[in-house]
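Undergrad: output the structure for:
(chains A and B)
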Amino acid sequence: MESVLLPTLTKKEEIDRIINNTIDKVLVLRFGRISDENCLLLDDILEKSARDVSKFATVALVDVDSDQVQVYVNYFDITLFPSTVFFFNAHHMKLDSGTADHTKWVGKFHEKQDFIDVVEVIFRGAMKGKLIVHCPLPPERIPKYQLLYKDV
Amino acid sequence: MFHLLSAHIQCFVCISSKAINHFASSEHHKNIKQFLWKHGPSMDCVDDFKISDADVAKWVRKCTALGNKDASSCTGQLSRTSSDIHNKFEFERTEKETHFFNPNNLNDVKPLLYNTNEYQISHSGVTHYGSHLNVDASQLPPGVIGMTSNSSSHSGDSSGNVHSGAPPPWLTPNDGNIFNQSEITRVQEKIPVKTTSKLNPHRVGAAWAERRKIEMEMEKRGEAVNSNTDADWLPNFGRVWQSGTRKDSRKEFEKEKRKLVVTAESISMESEERKLVKTESISVESEEPVQIQPYVSKRARAMKSGE
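TA: Next up is the predicted model:
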């Protein structure tokens, strides 16, 4: 089931193209699968907020079950789903949310405004030349997880 | 044809009457004095920019001589503009002078169908008066409107005007047009593409963004662009378990990927070789006959040997 508003990417070329064509806007890439409940909740929030952030962000969904996308799943060290990666002008933006992994956002957002706040902070930081920004959300709203190194 | 022309002449006269009355007014006189005192030449040339009352009267007499009926439509128009605040002063002034015009024909005013500039050239009857009352355009300060000084350079096209809804001359595809579309595009191509300078030049990926915008514009124009994104392209990414810069982590990942590919190839080659070896051994064994013997346990063998 494809989102009406958000494009779903299943090939490496599509991901490359969207990274290269998104200029002066935050690119939000959600890595997940439709069968996952958390993914569906996150997708719902992304779809509802896509229009609100459209002036400074572009949102796209990546289907991790596709074979051509596995190179990105390995490259981005994605082991937990859903995971959201942020880019700005083809540069990876890190988010310090107090968790072990600053390279992505793991899990879903509590509400639409949380996602908008995060994207706004990333955009503001990127416009000032910062590659890593602090998460504006309180700790209770940030999903907790355990990061394992090679399943150890 | 002459009737049409006279109708257009009357409309021209109607418009020019307002201008003439304005030039004859004391307000205009006062404005000219102020302007000349502030900006420029000596006050001696004030008379060059105004029209005397005698000239106005002469003009009015000659207008009536041309055609009473057509002139009356002009006065009808004049009378109708009594509520026009902008021209109220001029109306009150001209009311006395135009008493001999017939105010009855209020509905005979026809829209101006032709460019007034043409009549300034082609119909000397009215334009003669206009030129007679006109001041030397070269001496006019920029703010003063000249009567027949309207440049006739734009009047080549008689296909229509603003009232008829015709396109302006600079948009029509005309051979005589100075600025052809092809020339415009050529000039635009020569001008370097200016990027939006409102964004922070120190933002993340600014240089990349500017280069990419130029590339995209070139792609839109259809020009060939050297694309850096091949099948193996990856963005710089700060990985979780790697230290160092993002470029280093990308290179490390590319090395790992190559190793994986090499090992995968070697594994596949080994598996192929093993398959070959197995097939060879099987074929060797099938040549010799296999002797099948029953199994004898160790105890039985010991007992046999003990016996």
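
Undergrad: which bits of the stretch 101-250 of chain B sit near chain A?
TA: For the stretch 101-250 of chain B, the contact set with chain A under CB under 8 Å from any CB of the partner chain comprises B:199-200, B:202-206, B:208-209, B:212-213, B:216, B:229, B:231, B:233-241, B:246. Just so you know, the C-beta spots here come from the backbone N, C-alpha and C atoms, and that holds for glycine as well.

Undergrad: give me the subset of these that lies in helices.
TA: Among those, the residues falling in helices (DSSP state H) are B:206, B:208, B:209, B:212, B:213, B:216, B:246.

Undergrad: most neighbours among the residues you listed, which one?
TA: residue B:209 (22 neighbours; other CB atoms under 10 Å in any protein chain shown).

Undergrad: and the residue at minimal distance from the centre of chain A, bridged to which residues?
TA: A centroid search over chain A (CA atoms, centre = their mean) returns residue A:84, at 2.2 Å, as the residue closest to the centre. Beta-bridge partners recorded for residue A:84 (DSSP bridges): residue A:30, residue A:105.

Undergrad: per-residue pLDDT, it?
TA: Here, the pLDDT recorded for residue A:84 equals 96.

Undergrad: in which helix or strand would I find residue B:38?
TA: Assigned by DSSP states H and E, residue B:38 belongs to helix B:26-39.

Undergrad: now that helix: mean pLDDT?
TA: Mean predicted confidence for helix B:26-39 is 85.

Undergrad: in it, what counts as buried?
TA: B:28, B:29, B:31, B:32, B:35, B:36 (16 or more other CB atoms under 10 Å in any protein chain shown).

Undergrad: before we move on, what about stretch B:58-69?
TA: Neighbour counts over stretch B:58-69 (16+ other CB under 10 Å) mark B:59, B:60, B:63 as buried.

Undergrad: if we can go back for a sec, quick check: next helix or strand after the helix holding residue B:38?
TA: That would be, after helix B:26-39 and using DSSP H and E, helix B:53-66.

Undergrad: report all helices and strands that that following helix contacts.
TA: helix B:2-24, helix B:68-80, helix B:88-97, helix B:124-133 (3 or more CB pairs under 8 Å, 6 or more residues apart in numbering or on different chains; DSSP states H and E).

Undergrad: so what's the residue count around the residue nearest to residue A:70 when sequence neighbours are not counted?
TA: Leaving aside its sequence neighbours, residue A:70 sits nearest to residue A:64 (CB to CB, 6 or more residues apart in numbering or on different chains; 7.9 Å). Counted with other CB under 10 Å, residues neighbouring residue A:64 total 19.

Undergrad: kindly report the same for residue B:275.
TA: For residue B:275, using other CB under 10 Å, the count is 10.

Undergrad: would it count as being in a helix?
TA: Yes - counting by DSSP: H, G, I helix; E, B strand; the rest coil, residue B:275 is located in a helix.

Undergrad: how distant is stretch A:115-132 from the center of its chain?
TA: Put simply, stretch A:115-132 sits 13 Å off its chain's centre (CA atoms, centre = their mean, to the nearest Å).

Undergrad: ok, now which ones touch residue B:200?
TA: Residues counted as contacts of residue B:200 (CB atoms under 8 Å, 6 or more residues apart in numbering or on different chains) are A:127, A:128, A:129, B:206.

Undergrad: which bits of chain A sit near chain B?
TA: Residues of chain A lying near chain B (CB under 8 Å from any CB): A:12-13, A:16-17, A:19-21, A:23-24, A:71, A:74-77, A:87-94, A:101, A:103, A:126-131, A:147, A:149.

Undergrad: and the buried ones among the residues you listed, selectable in ChimeraX?
TA: The following ChimeraX line selects those of the residues of chain A next to chain B that are buried, judged by 16+ other CB under 10 Å:
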select /A:12,16,19,20,23,24,71,75,76,77,87,88,89,90,91,92,93,94,101,103,126,127,130
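
Undergrad: so which of the residues of chain A next to chain B sit within strands?
TA: Of the residues of chain A next to chain B, the ones assigned to strands by DSSP state E are A:87, A:88, A:91, A:92, A:93, A:94.

Undergrad: and which of the residues you listed is nearest to residue B:296?
TA: residue A:92 (73.1 Å; CB to CB).

Undergrad: not counting residues beside it along the chain, what's closest to residue A:88?
TA: Spatial nearest neighbour of residue A:88, chain neighbours left out: residue A:126 (3.9 Å); criterion: CB to CB, 6+ apart.

Undergrad: quick one: the helix or strand residue A:121 falls within to strand A:83-88, angle?
TA: Using DSSP H and E, the element containing residue A:121 is helix A:112-127. Angular relation of helix A:112-127 and strand A:83-88 on a 0 to 180 degree scale: 40 degrees, by axes from the mean of the first three to the mean of the last three CA atoms, to 10 degrees.

Undergrad: ranges for the helices of chain A?
TA: For chain A, helices defined by DSSP H occupy the ranges A:12-21, A:37-50, A:70-75, A:112-127.

Undergrad: pLDDT weak spots in chain A?
TA: A:1-4, A:150-152 (pLDDT under 70).

Undergrad: just the closest residue of it to chain B, please.
TA: residue A:89 (2.6 Å; CB to the nearest CB).

Undergrad: tell me the contacts of that residue?
TA: A:22, A:23, A:24, A:126, B:203, B:204, B:205, B:206, B:208, B:209, B:212.
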